[in-house]
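# coords below, sequence missing:
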C-alpha cells in the first residue's frame with residue numbers, strides 16, 4: 001500500500017508533467033553538491049524547475065497523463081528539468097553547464113508531447129528563444145523598410161542631383 005507522501009508526490013508530478021512544455025530527463029550522478037547547486041541556480045534564473053524524482057513515481061505520473069515510452073529513460077538516478085514557458089531553456093542551460101562539468105547527461109526529452117532522444121538537446125539548445133526570434137524578425141522587417149524607403153527616394157535624389165548639376169553648368 002503506497003504511503004501518503006508518495007501519493008502526494010505522484011499527484012504533484014502528474015500536474016507538473018501536464019503543464020510542462022518540455023521535460024528533460026537527466027543523469028546527474030558524478031556531480032558534487034556545489035556543482036548541483038550551481039546548476040539549480042542556473043535553471044532557476046531561466047524559470048526552469050530542476051528536481052530529483054524517483055523513477056517509479058515518474059512512471060506512475062506519466063501513465064496517468066497517458067505518456068508512453070519513458071521506461072527506457074527511467075533507469076538509474078534521474079533528475080528532471082521542467083520548463084513551463086520556453087521549451088528550449090533547459091537545453092541551453094545544460095549545454096553551457098556541460099562545457100564546464102561534462103554532466104548532466106540528458107537521457108531523453110519530452111518536448112510538447114513527443115519523446116526525443118537525449119542527443120537532441122544540443123540541437124534544441126541552438127534554436128533561438130521566442131524573444132530572440134522576434135528580435136530577428138523585427139530587424140529583418142526594419143531592414144526591408146529601410147531598403148524600400150531608399151529605393152523610393154533614389155529617383156527623387158537623382159532628379160535633384162541632375163537639377164543641381166544643370167544649375168551649376170548654367171551659372
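That came in fine, so what should we check first? None of the values given here were measured: they were computed from a predicted structure. Residues are numbered from 1 along each chain as shown.
# so for the one helix or strand residue 94 maps to, what gets flagged as buried?
Counting by DSSP states H and E, the element that carries residue 94 is helix 89-101. By neighbour count on 16 or more other C-beta atoms under 10 Å, the buried set for helix 89-101 is 89, 90, 91, 92, 93, 94, 95, 97, 98. To be clear about C-beta, it is placed using only N, CA and C from the backbone, and glycine gets the same treatment.
# over to stretch 33-40?
Buried positions in stretch 33-40, judged by neighbour count with 16+ other C-beta under 10 Å: 35, 36, 39, 40.
# still on that earlier bit, format the buried residues of helix 89-101 as TSV; extra columns: pLDDT and distance to residue 145.
Shown next, in TSV, are the buried residues of helix 89-101 (pLDDT from 0 to 100; distance: C-beta to C-beta, whole Å):
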residue	pLDDT	distance to residue 145
89	86	32
90	88	36
91	87	34
92	88	31
93	88	36
94	88	38
95	89	35
97	89	40
98	86	41
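# any chance of JSON lines for those, columns distance to residue 7?
Output for the buried residues of helix 89-101, formatted as JSON lines (distance: C-beta to C-beta, whole Å):
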{"residue": "89", "distance to residue 7": "30"}
{"residue": "90", "distance to residue 7": "27"}
{"residue": "91", "distance to residue 7": "32"}
{"residue": "92", "distance to residue 7": "34"}
{"residue": "93", "distance to residue 7": "31"}
{"residue": "94", "distance to residue 7": "31"}
{"residue": "95", "distance to residue 7": "36"}
{"residue": "97", "distance to residue 7": "33"}
{"residue": "98", "distance to residue 7": "35"}
